[in-house]
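Trainee: heads up, no residue letters with this:
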Ligand code: ZN
């Protein structure tokens, strides 16, 4: 079994389409790590596309929760708030209910892998320091945890110490999951990268080979920007896509 790993699509249909095209033939099933909506201009089209995929593992993100009323917008800045309130207004009733039914993370995939949006102990938490990372991977759990939320591709190996295997650069970055080590891997954001690289980011997980590959692919940024502006959303949301910030 090979998996396509999608996180933080953020209603960016152009980026999602490019990722599906670039990864064609390289996976059997799909893992979705949350934040399908928010920021971008195509929430319904993105959800409808995800529904057509063979998704076997999925957790919700903080934007998904706020869009369907499960959480309040109080934690969002003004721009994120404007985008999520617009999203709530345009979601079809069916997609609103579909978002509301998404499961809370973490979720286990197999003996090797678990997935979450923010952190295993709190779906909305950002993992920053070594203590967070060590806490994220109990010795008894699967050795690999895939996470999202920060929109920054990153690989941490936890042995005797926490080691950041950075920088994650280039078109493909493959990491082998060694025995007796634990790993936290963020495959980056499909729809709103924040590491200074405007290309869409996704992951390919090969449990049999004990490997994860972080992949970057260009997409129609101008098209996605046009959808944001056409929706009347803040122009900074369109500008940041070109910067990858
Ligand atoms: Zn996000």
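Mentor: Looks like it came in fine. Predicted, not measured: the structure shown is a model, and the values here were computed from it. Numbers count the residues shown, from 1 in each chain.

Trainee: Please make it C-alpha for all contacts and neighbour counts, starting now.
Mentor: Will do.

Trainee: What parts of this protein come near the ion?
Mentor: Within the chain, the positions near the ion by CA under 5 Å from the ion are 8, 149.

Trainee: low pLDDT regions in the chain?
Mentor: 138-140, 166-168 (pLDDT under 70).

Trainee: Which helix runs longest in it?
Mentor: When the chain is parsed with DSSP state H, its longest helix is helix 78-90.

Trainee: The chain: helices as residue ranges?
Mentor: Using DSSP H, helices in the chain cover 13-22, 43-51, 62-67, 78-90, 93-100, 130-136, 221-230, 235-243.

Trainee: Now do the phi/psi pair for the residue located most distally from the centre of the chain.
Mentor: Distance from the C-alpha centroid of the chain peaks at residue 160, with 28.1 Å (CA atoms, centre = their mean). Backbone geometry at residue 160, expressed as degrees, to the nearest 10, gives phi -70, psi -30.

Trainee: where's the closest residue to residue 197 other than its chain neighbours relative to the ion, distance?
Mentor: Nearest non-adjacent residue to residue 197, counting by CA to CA, 6 or more residues apart in numbering: residue 244, 4.9 Å away. Distance, residue 244 to the ion, by CA to the ion, to the nearest Å: 13 Å.

Trainee: quick revisit: what's next to the longest helix of the chain, contact-wise?
Mentor: Residues from elsewhere that reach helix 78-90, judged by CA atoms under 8 Å, 6 or more residues apart in numbering: 37-40, 43-44, 63, 66-68, 73, 96, 233-234.

Trainee: Could you do stretch 230-241 as well?
Mentor: Stretch 230-241 has contacts (CA under 8 Å, 6+ apart) with 39-41, 79, 82-83, 86, 192-193, 198, 221, 224-226, 228-229.

Trainee: what's the spacing between that stretch and its chain's center?
Mentor: 20 Å (CA atoms, centre = their mean, to the nearest Å).

Trainee: Could you do stretch 55-66 as well?
Mentor: Computed by CA atoms, centre = their mean, the separation of stretch 55-66 from the middle of its chain amounts to 9 Å.

Trainee: returning to that earlier point: farthest pair within the contacts of helix 78-90?
Mentor: Farthest pair in those (CA to CA) is 96 and 234. Separation: 22.6 Å.

Trainee: Among the two, which residue is more densely surrounded?
Mentor: Neighbours per residue (other CA atoms under 10 Å) separate residue 96 from residue 234, with residue 96 holding more: 21 against 16.

Trainee: leaving aside the residues next to it on the chain, what's closest to that one?
Mentor: residue 68 (5.6 Å).

Trainee: can you pull the contacts of the one you found?
Mentor: The contact partners of residue 68, by CA under 8 Å, 6+ apart, come to 88, 96, 97, 99, 100.

Trainee: Out of those, which end up buried?
Mentor: By neighbour count, with 16 or more other CA atoms under 10 Å, the contacts of residue 68 hold 88, 96, 99, 100 as buried.

Trainee: which among the residues you listed gets closest to the ion?
Mentor: Each of the buried ones among the contacts of residue 68 was scored against the ion by CA to the ion, and residue 99 proved nearest at 14.7 Å.

Trainee: Contacts only, for that closest one.
Mentor: 60, 64, 65, 68.

Trainee: so how many other residues sit close to the nearest residue to the second one once chain neighbours are set aside?
Mentor: Taking CA to CA, 6+ apart, and ignoring the residues beside it in sequence, residue 64 has residue 35 as its nearest neighbour in space, at 5.5 Å. By other CA under 10 Å, the residues close to residue 35 number 27.

Trainee: quick one, phi psi at residue 35?
Mentor: Torsion angles at residue 35 (phi, psi; degrees, to the nearest 10) stand at phi 60, psi 60.
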